[in-house]
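[1] Return a 3D structure for these sequence lines:
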Amino acid sequence: CHRSSFAPSPVLAQRPPRLPAFIGVTPPNRSRYLRTTSFPFLLSYHAMSDSRAPNAADVLVACLANEGVEYIFGVPGEENLDLVDALRRQDKVKLIVTRHEQAAGFMASTVGRLTGHAGVCLSTLGPGATNFATSAAYAHLAGLPSVIITGQKPIKKSKQGRFQIVDTVGLFAHITKRSVEIVSANLVPPQIRESFRVAEEEKPGPVHIELPEDVAGEISNDELGKTPFHKSQQRRPIAEEKAINMALQLIKEAKRPLLLVGAGANRKQTCNMLTEFIAKTGMYWFNTQMGKGVIDENLPQYLGCAALSQDDYIHCGIERADLIINVGHDVVEKPPFFMHQGGTKVIHINYYSAQVDEVYFPQVEVVGDIANAIWQIKEALVPSECAWDFSYFEKIAALVREDTSRFDNDDRFPMCIQRVIADTRGVMPEDGIVCLDNGLYKVFFARSYNARDRNTLLLDNALATMGAGFPSAMAAKMVYPNRKVIAVCGDGGFMMNSQELETAVRLKLDLVIVVVSDNCYGMIAFKQETLGYDVFGMNFGNPDFVKYAEAYGAKGHRVTAVPEFSRLLRASLDEGGVHLIEVPIDYRNCVEFMDEIKTKVCEL
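    I've put the predicted structure just below:
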């Protein structure tokens, strides 16, 4: 009730102490008090017994646990207090409070990316829900399984009019695989099971669930609404025999076949089958940015990543190929090559059929489980019976290896990005994880950082949003606590979610954030320069990153000479805790480098 004074009432003065804020600690069972704020005149109490019958929120949390969910990331609000309290009263699913919903969405998506099982995030209604829009689109385009749970005002009776209400279900319908409102407690188990099924089946992606405040507090009157649904046993369908035979025919007839590996091939069994395929056939291969690490890039048949749109060594190989075996690529990722009528033939191997457009119209489609399709083709091929000529590709591979190491001893300062990449590769172990934000450095990391295992270079080449790199690294460290994890962010992208330094420190993560700093939106400035525009509207100022990190309780460092970077990176990884390393860089050498590469490509 409204009070004219801030003085607490006798009842408030006797209230129990505030619950501990430490994540993962479950206080002892007792009557609880839900508070929307610390201020007495805004308090609303609901004394409830923990022995009451489970409501819809309790059942929903039980369903999450049944799906194997370990963490739920987000920013709670008034409309999901029942859900937050249900999380408090159990110990299987941990609530990880972030400082912005967008970061929570990126973290949930990264859990899905690394595990194959949907990560989960939550928010309140209205502004909390709309803050998930970018991370939902990020997961949707990249094919990352996640479940987004948002609150809503009561739908059966509400006295607040349209306050904070937007059509959240309609909003997310365009940027998720499925968007649904749960309108009854009886529907919680089937809706949760269906949401996870849709999120995780090929092609994976985000699913949105809206849980209204009054439904969350309901108690189901149906036994089916009180117990989680069991997961069904399922096997993906395999490719049809005739499709396999058509693909085999094209491969056998080809003179210079080339293998392309995309993001959809990033599945454990597919990685194994592709490695065996290359070992048997000796076929040369390249990858898209999101196909990095699917196959060990130290193999001699590696021709590089199609990180640049044109005029790189790999494009010479693509132009000479008479057949491209396209494994797991999706047109939502920036095209690694362009098809032309009467040009190079393409075999599309994926879980789903090709999405045809003006630059992609494959001659043969092999649709079904990718690993099985590659196995069938591998087993049927007899390389000695094929007239393949890989001599030109061998020449390209040698140039790519030479180019990768040419900046290992570059001593210019501010540092060139290629030296940053070389030093990072030299420090990180083979299973170490590098999470990239979006910027010009991402393109060069994709081009020059040799990934030796799957999911060791995480980047986004679908939505290509800024602000995702740091939250992704936090999630990666939570999934793999015993592996070395770093985030590499530009100064522009890092500041978009830099507040999550507090979250990382609170969670006691061992994490290093490398901020490559040029006080500029470097990617767009680079585009302006290469396209003949004057560089304009790209510059900004930065805080003192060392002091900024220290203000959050992290450790800050600034590189002042080239040799310091690798030493600082190694020491920070070994020491543990949250470290931020600012690395001043100069992108001007990139323009010179691109011109030089273009000249060599023309000679080839």
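[2] quick one: low-confidence ranges for the stretch 301-450 of the chain?
    Within the stretch 301-450 of the chain, no range satisfies pLDDT under 70.
[3] hey, where'd the helices end up in it?
    According to DSSP state H, counting those that start in this stretch, the stretch 301-450 of the chain carries its helices in the segments 313-320, 370-380, 391-404, 417-427, 440-448.
[4] quick one: which of those is nearest residue 188?
    Counting by C-beta to C-beta, residue 188 lies closest to helix 370-380 out of the helices of the stretch 301-450 of the chain; the figure is 34.1 Å. The C-beta positions use only the backbone N, C-alpha and C, and glycine is treated the same way.
[5] what's the closest non-adjacent residue to residue 557?
    Counting by C-beta to C-beta, 6 or more residues apart in numbering, residue 581 is the residue found nearest to residue 557 once chain neighbours are left out, at 4.7 Å.
[6] residues making contact with whatever helix or strand that neighbour lives in?
    Assessed by DSSP states H and E, residue 581 sits inside strand 578-584. Applying C-beta atoms under 8 Å, 6 or more residues apart in numbering, the set of residues contacting strand 578-584 from outside is 413-415, 420, 501, 504-505, 509-518, 545-546, 548-549, 552-559, 565, 568-569, 572.
[7] Now restrict the residues you listed to buried residues only.
    413-415, 420, 501, 504-505, 509-518, 545-546, 548-549, 552, 554-559, 565, 568-569, 572 (16 or more other C-beta atoms under 10 Å).
[8] returning to what we had before: could you say what helices and strands the next helix-or-strand element following the strand holding residue 581 packs with?
    Using DSSP H and E, the next helix or strand after strand 578-584 towards the C-terminus is helix 588-603. Counting by 3 or more C-beta pairs under 8 Å, 6 or more residues apart in numbering; DSSP states H and E, the packing neighbours recorded for helix 588-603 are helix 313-320, helix 417-427, helix 522-530.
[9] Nearest spatial neighbour of the residue nearest the centre of the chain, chain-adjacent residues omitted?
    Taking C-alpha atoms, centre = their mean, the centroid of the chain lies closest to residue 110, which sits 4.1 Å from it. Closest residue to residue 110 apart from its sequence neighbours, by C-beta to C-beta, 6+ apart: residue 475 at 3.8 Å.
[10] swap in residue 430?
    Leaving aside its sequence neighbours, residue 430 sits nearest to residue 452 (C-beta to C-beta, 6+ apart; 4.7 Å).
[11] Please verify my assumption that the one you found contacts residue 429.
    No: between residue 452 and residue 429 there is no contact under C-beta atoms under 8 Å: 9.4 Å.
[12] more neighbours, those two?
    Set residue 452 next to residue 429 and count neighbours by other C-beta atoms under 10 Å: residue 452 wins out with 18 against 11.
[13] which ones among the contacts of strand 578-584 are found in helices?
    Counting by DSSP state H, these place 420, 501, 504, 505, 545, 546, 548, 549, 565, 568, 569, 572 in helices.
[14] out of the residues you listed, who's nearest residue 169?
    For the ones in helices among the contacts of strand 578-584, the nearest to residue 169 is residue 504 (32.5 Å; C-beta to C-beta).
[15] ok, that closest one to residue 472 distance?
    Taking C-beta to C-beta, to the nearest Å as the measure, residue 504 falls 12 Å from residue 472.
[16] just to revisit the earlier point, so the residue nearest to the centre of the chain is in which element?
    Assessed by DSSP H and E, residue 110 sits inside helix 101-115.
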